[in-house]
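Participant: Following is a predicted model, sequence given first.
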Amino acid sequence: MDAKAVLYIIVSALVIWCLEAININGIFKKNRVIQAKIMYVLIALSIVYPVTNFLWDFFLSTKI
């Protein structure tokens, strides 16, 4: 498996674990569970991509 793919998996698990601390349902109207879940996934993806790319570039530039 590619090292960057492994990094994506690790960062994804970490971001989802951290996002569980936020009560995102309090932001949405009642009975909008599906929209809240979709927003949760979009927020997670928008955090995972730049963090993974930052770490990957950092590892490549420092030759770790």
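Facilitator: Here it is on my side, so go on.

Participant: hey, let's count contacts and neighbours off CA atoms from now on
Facilitator: Fine.

Participant: shaky segments in this protein?
Facilitator: Along the chain, the parts satisfying pLDDT under 70 run over 64.

Participant: Now do the helices in it.
Facilitator: Assigned by DSSP state H, the helices in the chain fall at 3-19, 33-62.

Participant: give me the number of residues near Met1?
Facilitator: 5 (other Cα atoms under 10 Å).

Participant: on that earlier part again, now render the helices of the chain as CSV, adding mean neighbour count and distance to Asn25.
Facilitator: As requested, those are arranged in CSV below (neighbours: other Cα atoms under 10 Å; distance: least, Cα to Cα, whole Å):
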stretch, mean neighbour count, distance to Asn25
helix 3-19, 14, 12
helix 33-62, 14, 6
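
Participant: Including distance to Ile27, could those go into a markdown table?
Facilitator: Output for the helices of the chain, formatted as a markdown table (distance: least, Cα to Cα, whole Å):
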| stretch | distance to Ile27 |
| --- | --- |
| helix 3-19 | 14 |
| helix 33-62 | 8 |
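
Participant: and Leu42, how far is that from Leu60?
Facilitator: Distance from Leu42 to Leu60, counting by Cα to Cα, to the nearest Å: 27 Å.

Participant: do the same with Phe54
Facilitator: In terms of Cα to Cα, Phe54 sits 10 Å off from Leu60.

Participant: tell me the contacts of Val15?
Facilitator: Ala44, Ile47, Val48 (Cα atoms under 8 Å, 6 or more residues apart in numbering).
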